[in-house]
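*Asks:* sharing a model prediction with you, sequence too.
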Amino acid sequence: MTAEPPEIGPWLAWLILMVTYVLPLLHVVTARSGGAWQAPPGSGCPFGPRLGWLVMVLLLGPIGWLLFVRRQRHSPPRC
């Protein structure tokens, strides 16, 4: 006589997705100190710092977001 684990609904999967990917992406997009969207003049990369952070958060998920938060706390904005 074993008890079956409770059934977890799809709402939990959506909640995990929202918390670990969508909210960090929104934070990077809306942060004032996230950097410019376009690359600085004379740089070799066509992407700006904010787009680079978005790519990092997309690929690394919560780890990329933690890197973004750590970077924002230790340096003043460069815009």
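*Replies:* Thanks, I have it.
*Asks:* alpha carbons only for contacts and neighbour counts from here, please
*Replies:* OK.
*Asks:* where does residue 65 fall, secondary structure wise?
*Replies:* Element membership of residue 65, judged by DSSP states H and E, is helix 62-74.
*Asks:* check residue 42 too.
*Replies:* Counting by DSSP H and E, residue 42 is part of no helix or strand.
*Asks:* going by residue numbers, what spans are helices in this structure?
*Replies:* Using DSSP state H, the helices assigned to the chain run over residues 10-17, 23-30, 49-60, 62-74.
*Asks:* gap between the longest one and the chain center?
*Replies:* Relative to its parent chain, helix 62-74 has a centroid offset of 8 Å by CA atoms, centre = their mean, to the nearest Å.
*Asks:* tell me the angle that helix makes with helix 23-30.
*Replies:* Interaxial angle of helix 62-74 relative to helix 23-30 (axes from the mean of the first three to the mean of the last three CA atoms, to 10 degrees): 40 degrees.
*Asks:* got the buried residues for helix 62-74?
*Replies:* 62, 64, 65, 68, 69, 72 (16 or more other CA atoms under 10 Å).
*Asks:* could you dump the residues you listed to JSON lines with pLDDT?
*Replies:* Shown next, in JSON lines, are the buried residues of helix 62-74 (pLDDT from 0 to 100):
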{"residue": "62", "pLDDT": "90"}
{"residue": "64", "pLDDT": "93"}
{"residue": "65", "pLDDT": "91"}
{"residue": "68", "pLDDT": "93"}
{"residue": "69", "pLDDT": "91"}
{"residue": "72", "pLDDT": "79"}
